[in-house]
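[1] Quick one, fold the following:
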Amino acid sequence: MGAWGTDTFDNDAACDWAATLEDYEDLELVTSALQAAIDESEDYLDADVACQALAACEVLARLHGRFGAQNSYTEAVDTWVRAHPLVPDDSIVALAHEAIDAVLGKHSELAESWKNNAEWMQRVESLRGRVSG
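    Have a look, this model is predicted:
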């Protein structure tokens, strides 16, 4: 995972995932990214899969009008959200919370990488709040 900061899209995996979002008209890619993180967390959650799950959570937060950082790295997601004013249901929000738990869990490569970084933890918890409102 190439990372240059603590924001959700400050890494290659999230940016690459965001670029594929334009191929979708619904939340299928979001749901699959969340589910992949949950499924992998039972063994060992790969950092790239975790980053994609956090990017999926950002889509949900933005669909609720709760934008985080907006910059050139978030442009693909922000454009998609504006073009697809979907309303995520409670079940996908619950899935997002479960995915965030997995990302922060003891079997997460990403959590291990950032374990001594309070800023990263704050950003993930802020994302959790923005997903649910």
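[2] When you work out contacts or count neighbours from here on, use the C-alpha atoms and nothing else.
    Noted.
[3] Report all helices and strands that the top helix by length along the chain contacts.
    Assignment by DSSP state H gives helix 47-63 as the longest helix of the chain. Packing partners of helix 47-63 (3 or more C-alpha pairs under 8 Å, 6 or more residues apart in numbering; DSSP states H and E): helix 12-20, helix 28-40, helix 75-83, helix 90-103, helix 109-113, helix 118-132.
[4] Just want the angle from that helix to helix 28-40.
    Angle of helix 47-63 versus helix 28-40, following axes from the mean of the first three to the mean of the last three C-alpha atoms, to 10 degrees, is 140 degrees.
[5] got the angle between helix 47-63 and helix 118-132?
    50 degrees.
[6] wait, isn't A53 in contact with E40?
    No: look at A53 against E40 with C-alpha atoms under 8 Å: they stay out of range, at 11.3 Å.
[7] Settle it for me: which of these two has more neighbours?
    Taking other C-alpha atoms under 10 Å, A53 and E40 do not tie; A53 has more neighbours (31 against 18).
[8] Identify the residues contacting that one.
    If you count contacts by C-alpha atoms under 8 Å, 6 or more residues apart in numbering, A53 has them with 30, 33-34, 36-37, 96, 99-100.
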